[in-house]
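**Student:** here is my input, please return the structure:
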Amino acid sequence: MSIRQFLPADLRAAVDKEVAGWTADHKVDRLWKKDSSLWTGDGEEKWLGWLDIVERGQKQGAEHAALAGDVRAAGFKHALLLGMGGSSLCPEVLAVTFGRQHGFPTLHIVDSTDPEQVKDTHDRVDLSQTLVLVASKSGSTLEPNVLKQYFFEEMKKAIGPARAGSHFIAITDPGSKMEQVAKQDQFRHIFYGDPQIGGRFSALSNFGVVPAAVIGLDTGKMLTEAARAVAAAKIAPAENPAIKLGLLLGCAAHAGRDKITIFTSPEIHDLGAWLEQLIAESTGKLGKGITPVDREAPGVPEVYGNDRVFAYIRLKNTADSSLDALVAALEAAGHPVVRIEISDLYEIFGQFFTWEIATAVAGAVMGINPFNQPDVESAKLEARALTTAYEATGKLPQSEPFLRDAGVSLYAAESYATTLQAAAPARNLAGLLRAHLDQLHPGDYFATLAYLPMFPQHEAAIQAFRGKVRDARRVATCLGFGPRFLHSTGQDYKGGPNSGVFLQITADHAADLAIPGQKYSFGVVIDAQAAGDLAVLQARGRRALRVHLGADVAGGLQTLAAAIDAALA
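**Tutor:** Numbers count the residues shown, from 1 in each chain. Reported below is the predicted structural model:
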């Protein structure tokens, strides 16, 4: 791995000053000694188990090999991982990056409560040949619990109640509710997390290593690559790639460059999804934050504002080097750029650790606790209150749209709806969207929060108008699918700077899916999550507009895209 920084003079001076300070105050040593005074002194030392997890993991090689042998001998064709956020994003990177290994199952990630998406995953696998991994640190997270209930009942139907547990593995912290469930249902294996490692820092713990073993990756090689990054993170700050990266991110945020735009070679493109959670959930709090921008189409330097830092993670022998010229143009235009090159796919495990250190260091520079996530809990509480109300009344609370046009309905907080109506050039969908997009100012970002099935056709439709907003308004743009982004960028959107302009997209469900043992369905859960998310954004004074598409999602997205075209004209 090689890392190079190309920085404008003022940012270079700020980073050099921090490097000198970290050297004089022996802060690298203090970090490795788990000194919470590097941050806020608010118990950060209790969340630093990830610092030595690679060394501990290397001692479990026989256990990893035994698991891989068991899975291969059993002949499983598919593996489903049920989880959210830190429990699912690293496994997703592994599945997308490495694909299927000979003799091992194909890994599918289930991190949605959308009934159509859950059913689609169910229908793509033969459960009789499927191993299910339930990944939940606390064991109390709503999504993996209801997904486990659904797939366990389906497994009973497929192979019989007596054998169902033998197709399940739990990855959870000791003493959790999920551990109890796994023992009661006679799961095939239980693997334990470390209670002193938060979810987004757990990639190199059992939450990443166990799925890697299940799909036949070389866990010894992956931990060796991670160990190289660990060693590099212990040297003096001036030569320490992870420390210098973190100092850059923290200094850039102080200077107003608080959006990190992630470019990658196509072979490792999903690494950005993992980085989104790590950076956003760690730094977005107390009105501060670094907003990650992933999967935004590359553009010419002129479409980017001075609120950006660019990270280009390149595979040395990539089949597509077209980003090289773009990144060179960004450097020539004076934008700060970090170039990272890896020579082997297994070096992404070193990237996991490098970015974990960098994010922790950025938090120290910013004066925040990078290991808590206070605003994630707020949305969970709102959704839980709504599902509880549904169990009592049989319905979710309903609100009235302030506009219906072309089959689409618009919702917003009363005060914000009034603001939009007063500013709109016309009282129609395009006019109100124009007023909403006119809220964007230099330094702001535009985020689409889609509570829809995360299908390629839906993402492509949203990416198309996302790019148009970026080019027309010269602002950073983000895209998250609910509810998965709630466990990722949702923390920054609610707890970070009030610089986001949000477009939430919801739709009716063509078909719902029951959750065994619950009065509410998957459709009710995702609707409650969307409503809770919007309520918290509104309570925090965010500029948030909800667009409800109705039953025809494809047609509704076309209508929305056409209206955005008109709004930008």
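**Student:** end-to-end on stretch 73-84?
**Tutor:** Across stretch 73-84, the straight-line distance between its terminal residues is 29 Å, by CA to CA, to the nearest Å.
**Student:** cool, and stretch 410-417?
**Tutor:** The first and last residues of stretch 410-417 sit 9 Å apart, counting by CA to CA.
**Student:** got the buried residues for it?
**Tutor:** Taking 16 or more other CB atoms under 10 Å as the neighbour-count basis, stretch 410-417 is seen to contain the buried residues 410-413, 416-417. C-beta: built from backbone N, CA, C; applies to glycine.
**Student:** name the residues that touch it?
**Tutor:** Residues from elsewhere that reach stretch 410-417, judged by CB atoms under 8 Å, 6 or more residues apart in numbering: 399, 401-404, 420, 429, 432, 534, 538, 543-548.
**Student:** strands of the stretch 151-300 of the chain, start to end?
**Tutor:** When assigned using DSSP state E, counting those that start in this stretch, the strands of the stretch 151-300 of the chain occupy the ranges 168-172, 189-192, 259-264, 291-293.
**Student:** about what we covered before: ok, of the contacts of stretch 410-417, which one's closest to Arg295?
**Tutor:** Proximity of these to Arg295 was ranked by CB to CB; the top entry is Val547 with 20.3 Å.
**Student:** doesn't that closest one belong to a helix?
**Tutor:** No - membership of Val547 in a helix is not supported by DSSP: H, G, I helix; E, B strand; the rest coil, which gives strand.
**Student:** grab the nearest non-local neighbour of it.
**Tutor:** Nearest residue to Val547, sequence neighbours excluded (CB to CB, 6 or more residues apart in numbering): Ile505, at 5.3 Å.
**Student:** ok, back up a step: now, the contacts of stretch 410-417 that are in strands?
**Tutor:** When strands are assigned by DSSP state E, the members of those inside them are 403-404, 543-548.
**Student:** if any of the residues you listed are buried, put those into a PyMOL selection.
**Tutor:** Buried subset of these, written as a PyMOL selection, criterion 16+ other CB under 10 Å:
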select buried, resi 403+543+544+545+546+547+548
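**Student:** closest to Pro483 out of the ones in strands among the contacts of stretch 410-417?
**Tutor:** Scanning those for proximity to Pro483, where the rule is CB to CB, the winner is Arg546, at 15.0 Å.
**Student:** could you give the bridge partners of the closest one?
**Tutor:** Beta bridges link Arg546 to Tyr411, Gln504 when assigned by DSSP bridges.
**Student:** which among the strands of the stretch 151-300 of the chain is found nearest to Lys119?
**Tutor:** strand 168-172 (19.6 Å).
**Student:** what about Phe187, how many neighbours?
**Tutor:** As a burial measure, the neighbour count of Phe187 was computed by other CB atoms under 10 Å and equals 22.
**Student:** contact partners for it?
**Tutor:** Applying CB under 8 Å, 6+ apart, one finds that Phe187 lies in contact with 134, 165-166, 168-170.
**Student:** report pLDDT for the closest residue to it other than its chain neighbours.
**Tutor:** Residue nearest to Phe187 in three dimensions, not counting chain neighbours: Phe168, with 4.5 Å by CB to CB, 6+ apart. Phe168 carries a pLDDT value of 98.
**Student:** how close does Phe168 sit to Gly61?
**Tutor:** Applying CB to CB, to the nearest Å, the value for Phe168 to Gly61 is 24 Å.
**Student:** also Thr387?
**Tutor:** In terms of CB to CB, Thr387 sits 43 Å off from Gly61.
**Student:** counting neighbours, go ahead and name the busier of those two.
**Tutor:** Counting neighbours by other CB under 10 Å for Thr387 and for Gly61 shows that Thr387 has the greater number, 20 against 12.
**Student:** so where's this protein shaky on pLDDT?
**Tutor:** Low-confidence segments of the chain (pLDDT under 70): none present.
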